[in-house]
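**Q** What follows is a predicted structure for the sequence shown.
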Amino acid sequence: DTEVTQTPKHLVMGMTNKKSLKCEQHMGHRAMYWYKQKAKKPPELMFVYSYEKLSINESVPSRFSPECPNSSLLNLHLHALQPEDSALYLCASSQSLAGAFYEQYFGPGTRLTVT
Amino acid sequence: GEDVEQSLFLSVREGDSSVINCTYTDSSSTYLYWYKQEPGAGLQLLTYIFSNMDMKQDQRLTVLLNKKDKHLSLRIADTQTGDSAIYFCAESLDTDKLIFGTGTRLQVFP
């Protein structure tokens, strides 16, 4: 199983809502990532979890709150978002071996629209 | 710096070869990658090259790396309509962080 699943596929939320994005992998990977991708732009790294601990936070606003409850699951909690946060949110996972080759496996993404 | 640049658009006829180019600025990159993204989908790793290699061939894909000029290219032989997508090059240093290029949209016409 080389699949990363993400739910929901699409999400529309108001600026006062609280919602969560979910990502799951069963490949035994110990690194998991959240990326944000705006239209016609490359993915931008938001967070990295390594062995269930937050290892990289790319100065993301606190209205985005990541959580890694176990080695297979990664959540992104959303609260008080702005319309400019509308984007495709991609999750990825990999074997975390810094300095060595590792493939990041990407999920299909959640298309988020903030109204 | 961590800027990775690509040309925005490439259009080729089916059956021809496509060459997608990428320039990067960080000479300490350890691995360089090519990812493919189809509309509305996540990214798929196509191939990668270690920084001490010059060339890698994988079926229809050929990667060339010129470290002196910090230039990476992806050649797709016998391009098919199913190859139409956005192609991102990416580099990694000794961290868990990938730096993606700006992306090249490849359009294949019959």
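**A** Okay, I see it.
**Q** Now do the phi/psi pair for A:Glu84.
**A** Dihedral pair for A:Glu84: phi -70, psi -10, per degrees, to the nearest 10.
**Q** tell me which element the most centrally placed residue in chain A is part of?
**A** Central residue of chain A (Cα atoms, centre = their mean): A:Trp34, 2.7 Å from the mean position. Assigned by DSSP states H and E, A:Trp34 falls within strand A:31-37.
**Q** Can you tell me, leaving aside adjacent residues, what's nearest to A:Pro66?
**A** Distances taken as Cβ to Cβ, 6 or more residues apart in numbering or on different chains put A:Phe47 closest to A:Pro66, at 4.5 Å, once the chain neighbours are dropped. Heads up, the C-betas are built off the backbone N, CA and C, glycines and all.
**Q** and the one you found, bridged to which residues?
**A** Beta-bridge partners recorded for A:Phe47 (DSSP bridges): A:Trp34, A:Asn57.
**Q** repeat for B:Ile99
**A** Residues in a beta bridge with B:Ile99, per DSSP bridges, are B:Glu91.
**Q** Got the confidence number for it?
**A** With respect to pLDDT, B:Ile99 has a value of 87.
**Q** Just list the residues touching it, thanks.
**A** Contact analysis of B:Ile99 by Cβ atoms under 8 Å, 6 or more residues apart in numbering or on different chains lists B:2, B:4, B:24, B:26, B:90-92.
**Q** Any idea which helix or strand in chain B has the lowest mean pLDDT?
**A** strand B:98-100 (a mean of 88; mean pLDDT, DSSP states H and E).
**Q** thinking again about what came up before, out of the contacts of B:Ile99, which end up buried?
**A** The neighbour-count criterion (16 or more other Cβ atoms under 10 Å in any protein chain shown) marks B:4, B:24, B:90-92 among those as buried.
**Q** Contact partners for the closest residue to A:Pro43 other than its chain neighbours?
**A** Nearest residue to A:Pro43, sequence neighbours excluded (Cβ to Cβ, 6+ apart): A:Tyr35, at 3.9 Å. Residues near A:Tyr35 by Cβ under 8 Å, 6+ apart: A:43-46, A:89-92.
**Q** any chance of these in CSV, with pLDDT, secondary structure and neighbour count too?
**A** Formatted as CSV, the contacts of A:Tyr35 follow (pLDDT from 0 to 100; DSSP: H, G, I helix; E, B strand; the rest coil; neighbours: other Cβ atoms under 10 Å in any protein chain shown):
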residue, pLDDT, secondary structure, neighbour count
A:Pro43, 94, coil, 28
A:Glu44, 93, strand, 16
A:Leu45, 93, strand, 20
A:Met46, 96, strand, 20
A:Tyr89, 97, strand, 23
A:Leu90, 97, strand, 27
A:Cys91, 97, strand, 26
A:Ala92, 94, strand, 25
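**Q** Need the max-distance pair from the residues you listed.
**A** Greatest spacing in the contacts of A:Tyr35, by Cβ to Cβ: A:Glu44 and A:Cys91 (13.6 Å).
**Q** which element is residue 49 on?
**A** Chain wasn't specified; assuming chain A. A:Tyr49 is part of strand A:44-50 when elements are defined by DSSP H and E.
**Q** Not quite, go with chain B.
**A** Using DSSP H and E, B:Ile49 falls in strand B:43-50.
**Q** Show me what that strand is packed against.
**A** Packing contacts for strand B:43-50, counted by 3 or more Cβ pairs under 8 Å, 6 or more residues apart in numbering or on different chains; DSSP states H and E, involve strand A:105-106, strand B:31-37, strand B:55-58, strand B:61-66, strand B:71-76.
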